[in-house]
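Enquirer: Return atomic coordinates for the entry below.
(chains A and B)
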Amino acid sequence: MGNWRIEQCRRTLSLRLARTVFSVLLVGFCGVSFAQERATSLTSADLDRLFQSAAKLDDSDLADLITDEQFLRRVTLDLIGRQPTPAELATFLLDSSTSKRTEATDRLLNSPEFGSNWAGYWSDVIGYRVPPPELTFLDYTLFEQWLAGRINQNAPWDETVRLILMASGKVKEHPEATFVGFHQADTTRLAAETARVFMSLQIGCAQCHDHPFDEWKREQFHELAAYFVRASAKMPWNDSGEIEVKDKGKGEYVMPNVADPTKKGTTMIPTFLTGSKLESGKSDLERRTELASVVASNTNPWFAKAYVNRVWARLMGRGFCEPVDDIGAGNEPQLREVQQPLTDSFIASGFDAKGLFRVIVNSKAYQQRLADNPSTAEKPFAAGRTTKLRGDEVFQSLVTAIELPNVTPAKIAPTKEIRFPPPPKSTRDVVSEVFGFDPSLRPEDISRTLGQAMLLMNNDQLQAQINSRPESGTALSKLLAGETDNSRAVSQLFQLVLARKPNDAEVQLALDHVSSLPIRGEAFEDLLWSLINSAEFTTKR
Amino acid sequence: MQRSLLDLTVDRSGWTGRREFLARLGGGTAAGVLTLGWRDLMLAQADEIRRQGKAMILLWMDGGPSQFDTFNPKVGSPNQGPARAIATNVAGVEFADFWPQTAAMMDKLAVIRSMRTPEAEHDRAIIHVRTGYPPTPALRYPTFGSLVARDREALDHELPAFVRIGKPRIKTRDVDAGVLGVKYSSFNVDEAGSLPANVRPVVSAETLRRRLSLADRLDSQFSAQGGAKEVADKKSIYDRTARFVLSPRLETFDLEREPAPLRDAYGRTNFGQGCLLARRLVEQGVSFVEVISTGDRNDAGWDTHNNGFRDTPYLAAEVDPAYSTLLTDLADRGMLENTLVVWMGEFGRTPKIKPDGGRDHYAKGWPVVLAGAGVRGGQVIGATDADGIDVTDRPTSVADLCQTFCHVMGMKPDDEYRTTDNRPVKLIEGGAVIQELFG
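Expert: Got it, this is the predicted structure:
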């Protein structure tokens, strides 16, 4: 304990020092990479010490953690976007190793599903704010595949973002061009979205006036837009893979004159928010390469912090800053004493994303139980938090639980009259759309909907899987055929759908239901339906 | 007993608005009502109560119809094109000849010919006209139907308060509940006559109820283990959904229950059957129904840049019988006096005719037609000049129109809602009720 206090003082001091160095850097006097100066790699134990102190928790608050069963569902959902299968759960529970949680984490981080899940997250972060063009359906599949590959290789986050900001060419050949291409190379939208997505800065209002809370001036917005002024994106009809990002070859950015829009505006030189400038006359590639290097940089005070804030928010159920896309000066973070060292550690690691996930999920902070008593006003960080599953996660969980098939109807060919038929929606598209939400929203702004309830209640594809008849070949029919003991069948069904064993009350509830109906299969269909339609199924707990 | 209670609390001359309604309950009548267990009674009778209030049907001409080819023909002007003018059943008022059946209803219509609005691009104009506010990237204002849904929210009900029939021509130009959130979104019926996917339970009502009750009991376990908030959220939406999908009022969506001649009179088009469904929904207490006309022929809808002289007659031929039959049908059932029917698009079209008969976007003098809910029929409000180029009398704004909608629906324009970042926003700002409509 004593050591820890000394350690903490040293850390605080070095942080203060670092902040001073940092301000100096910001003004541009110093070229030395400050991350290298104090490369600290945070461990999960370090994180817990910082967390306990910042959240004013007693040792006892971090003593009672989630069970193995609860841990496996939570971490599997968070890392690979689905619940564990009964086999995965059984293996994990049987494992007697004391380090099995960290081993499971590593296994999940190495699964290709990890990349797909988080590529889906980022695709949503970008896609929910891209206004769809009128004549082309924007298909994010190629981008998600590309990003999943990068994430699975654990490519450094800064490098990935640089590729996204610099990309040129057709989306189908260079999926990283999706961000610029799908925004149709629109200068002001790209300025606002580059700041929001990759730095969690809200500078959009500064397009028209100086920002009311943060320090942004209107000029700064337009100076940022100037990096994109020579990019163009040709919109083809119907196929978004054909969108091509290329250099216009000429032009400088002009900020409109607000006082009198009929008068000539001001030509803006590309200048980053930290003051770093580029000369005029540069090509599109030069501009965006420069932008990429100043955005995705260890000296950019917002870049790493924005990423860490988003990952922390998704894993912990609440960001240091909420909404997660606003970490500007006007939005005071919670647990700042955790946020800064975690961010520093992420920078020091060379933007090692898997490393960041590992540190968080192996911490006690991550493995806190939910509060039995919802009143946590005294100690808001003393318990874990529930989060709603993302659309993709709901779909994957349905696949895991009831083998929901993914069916895509045939494509409709364009005709002279109907020139832009909507592309067919697969089961996955339907579920992801209905349960989907913009991941940048505050958790309290994400509502359950009538459409979600109706889908789980009545959707015919889904209901076809809730069939106990042997000839149906469903997961339920196989389970019932293989297990004649009702109490064991109930337990298996809980493991299949909720990835946990039922408690005694639940077993009793289920058995009472089974005995209340003349037909065993029907009773189990009810039970399966009720588990799929339970609040728990679509919640990370 | 229940009836008299309702009569006590609902102003027979029209809907009093949610807040006023609740305020009244909290006032003089409350004590008496409370002893009767008023809330249960209110919930059970919610649709009944709504049915006595005012409703609105918006006939949305997606793409922006031409004023020359609808309700403001300019005979003798080079801008008129091939559409001729025909007399209506009100002396001195003429329509384009694609609208014979609607012309016979002019005594029920008030035609505003002087809408003058600032936006002439679809996306911006749609936002402005449908929300009452000029487009801004800072705030996603809710569409008027969502404001109505919010106004009627205190009363639980089986059917959604805001239903939309037909699909907008271009989804990306659409407006929805915006900052009010999905709770006040429209319930969408893409095609009248068939229920949207997932509404109709695939099992019997008895089985579904049994399952819902089992799920409730399972949820209470999670609720006790840290899931209280999630379970409460879920319960509120499931209660609403179950009331809807198990409601006998789902029959409302089934048009087979209507006599074939009436269905024929509306026209066997998506829009025609949509208007019939709108009447059935309002009859069952739905407060705001929107029926979208995009034309069954192509995906250009009323946006007739090209071949306008070819396409407009087809579009009008779908809307004319549907619109006029809707008015007759509502009047026959005594519903027109409580139902505001509005015909409009996002703007009009240019006086100048393109070589192939198309017209581009034009916002400086376009028509909106209102009927019902106290609107005095047989009148024309405002005018444009002889060539239909600009407004010469009573320029009317979007805010004026929205103030008028609020007035009819018993909503206070100054009433404020809060955005998620806690900013107060008035239902409507500026403008004034178009008083002539009710004179």
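Enquirer: what are the bridge partners for the single nearest residue of chain A relative to chain B, then?
Expert: Nearest residue of chain A to chain B: residue A:370, at 2.5 Å (CB to the nearest CB). All C-beta atoms are positioned from the backbone trio N, CA, C, and that covers glycine. Beta-bridge pairing for residue A:370 (DSSP bridges): residue A:384.
Enquirer: check contacts around it.
Expert: A:383-386, A:541, B:225-227 (CB atoms under 8 Å, 6 or more residues apart in numbering or on different chains).
Enquirer: Neighbours of residue B:263, how many?
Expert: Around residue B:263 sit 17 other residues, with neighbours defined as other CB atoms under 10 Å in any protein chain shown.
Enquirer: right, and the helix or strand after the helix or strand containing it?
Expert: For residue B:263, the host element (DSSP states H and E) is helix B:260-266. Counting by DSSP H and E, the next helix or strand C-terminal to helix B:260-266 is helix B:270-283.
Enquirer: now residue B:331: how far from residue B:407?
Expert: 21 Å (CB to CB, to the nearest Å).
Enquirer: More neighbours: the two, which one.
Expert: When neighbours are counted by other CB under 10 Å, residue B:407 comes out ahead of the other of residue B:331 and residue B:407, with 21 against 16.
Enquirer: Just confirm that one is within a helix.
Expert: Yes: under DSSP: H, G, I helix; E, B strand; the rest coil, residue B:407 falls within a helix.
Enquirer: Roughly how far does it sit from residue B:283?
Expert: On the measure of CB to CB, residue B:407 and residue B:283 end up 23 Å apart.
Enquirer: Residue B:424 too?
Expert: From residue B:424 to residue B:283 the distance is 36 Å (CB to CB).
Enquirer: more crowded one of these two?
Expert: residue B:283 (16 against 8).
Enquirer: Residue B:112: what secondary structure?
Expert: Secondary structure of residue B:112, per three-state DSSP, is strand.
Enquirer: and it, what does it touch?
Expert: B:367-370, B:381-382, B:396, B:401, B:434.
Enquirer: same thing but at 7 Å, please
Expert: Residue B:112 makes contact with B:367-368, B:381-382, B:396, according to CB atoms under 7 Å, 6 or more residues apart in numbering or on different chains.
Enquirer: Let me see the ranges of the helices in the stretch 51-200 of chain A.
Expert: A:68-80, A:86-94, A:100-109, A:112-127, A:141-152, A:157-166, A:178-182, A:187-199 (DSSP state H, counting those that start in this stretch).
Enquirer: Just say which of those helices is most tucked in.
Expert: helix A:178-182 (a mean of 27; mean count of other CB atoms under 10 Å in any protein chain shown).
Enquirer: Any regions of the chain where pLDDT drops low?
Expert: Looking at chain A here, since you left the chain open. A:1-40, A:211-214, A:373-377 (pLDDT under 70).
Enquirer: oops, chain B please
Expert: Chain B contains residues with pLDDT under 70 at B:1-52, B:154-156, B:172, B:420-421.
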